[in-house]
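>>> next one to model:
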Amino acid sequence: MTADTGSGLELSELAADRALLGRTSTAERVAGILRERIAQGFFLPGVRLSEERIGNALGVSRNTLREAFRLLTHERLLVHRLNKGAFVRVLSTSDIADIYRVRNLVECAAVRGLGHPPYALEPVAAAVEAGERAAERGGWTDCGTANIHFHQALAGLAGSERTDDLMRGVLAELRLAFHVMDDPRRFYEPYLSRNREILTMLEEGDPAGAERALGYYLEDSRRQLIEAYPERND
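Predicted coordinates:
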């Protein structure tokens, strides 16, 4: 039996997003809202997205919503099943390996390409501090969100809008893997100190050291996630 869209609470929160659409709602804006909600875990892997319920919650037409679904399918966040509708994608271990391949190429290159300090590290530092605060209060889901922001900020050091767009999609896709794991603390806590270490290296003007540390970090994370990932065939 396949899970459907989600609880009434989730849909009521989604309805609150209607204000984000403004008067000129577009498929891109709807896709942006749904992308963020998928990344936050409101719609979990394997869940079918109801056109009627989501369209009513956001106050958009079925055609607009279908176009948003097509955009998210292109981004690998959704899959379309004939005569069944759109579903949040369930990643395979080969998907995870490929995501980490892209992350290594983009994030390490962004750090490697830094010139002479000082660097614009405010977003990186803010993400590190947010993760540490979340861990102190036991908010491991929030810690995961802060960790995503940390890696987005590292990629942002490249100063490229195209790179930023690419990484938003890649990291949103990666969240699908973490949403099916049972113990988020296990996957986020060990990396808090490593995030701080990379930030410190960058603050000290050592991008080469930060790149090496990041490379080891990503490989450890990839291996840990794949070893623990519950491979599914549904």
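
>>> ranges for the helices of this protein?
With DSSP state H as the criterion, the chain has helices at 8-16, 27-40, 51-58, 62-74, 93-112, 122-136, 140-156, 161-178, 184-203, 207-228.

>>> got CSV for those helices, with mean neighbour count, mean pLDDT and distance to residue 80 too?
All C-beta spots, glycine's among them, are computed from the backbone N, C-alpha and C. Shown next, in CSV, are those (neighbours: other C-beta atoms under 10 Å; pLDDT from 0 to 100; distance: least, C-beta to C-beta, whole Å):
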stretch, mean neighbour count, mean pLDDT, distance to residue 80
helix 8-16, 14, 70, 20
helix 27-40, 20, 88, 14
helix 51-58, 18, 91, 12
helix 62-74, 18, 93, 6
helix 93-112, 17, 96, 17
helix 122-136, 17, 97, 34
helix 140-156, 21, 94, 26
helix 161-178, 18, 91, 16
helix 184-203, 18, 94, 29
helix 207-228, 16, 95, 26
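
>>> which of those sits closest to residue 82?
With respect to residue 82, and counting by C-beta to C-beta, the nearest of these is helix 62-74 at 13.0 Å.

>>> hang on, residue 146 packs against residue 140?
No - the criterion here is C-beta atoms under 8 Å, and residue 146 misses it with residue 140 at 10.3 Å.

>>> now residue 41: closest residue in space, sequence neighbours ignored.
residue 179 (4.9 Å; C-beta to C-beta, 6 or more residues apart in numbering).

>>> what's the burial count for the one you found?
23 (other C-beta atoms under 10 Å).

>>> so for it, what pLDDT did the model give?
On pLDDT, residue 179 comes in at 82.

>>> in contact with it, which residues are there?
41, 44-45 (C-beta atoms under 8 Å, 6 or more residues apart in numbering).

>>> and the residue most central in space within the chain, how far is that from residue 192?
Closest residue to the average C-alpha location of the chain: residue 172 at 2.6 Å, with C-alpha atoms, centre = their mean. Distance, residue 172 to residue 192, using C-beta to C-beta, to the nearest Å: 22 Å.

>>> equivalent analysis for residue 177, please.
Taken as C-beta to C-beta, the span from residue 177 to residue 192 is 19 Å.

>>> do the same with residue 151
From residue 151 over to residue 192 the distance is 13 Å, taken as C-beta to C-beta.

>>> residue 214 contacts residue 157, doesn't it?
No - using C-beta under 8 Å, residue 214 is not in contact with residue 157; the gap is 11.2 Å.

>>> how close does residue 29 sit to residue 173?
Taking C-beta to C-beta, one finds residue 29 at 20 Å from residue 173.

>>> got CSV for the helices of the chain, with distance to residue 82 too?
Below are these laid out as CSV (distance: least, C-beta to C-beta, whole Å):
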stretch, distance to residue 82
helix 8-16, 25
helix 27-40, 21
helix 51-58, 15
helix 62-74, 13
helix 93-112, 21
helix 122-136, 41
helix 140-156, 32
helix 161-178, 22
helix 184-203, 34
helix 207-228, 30
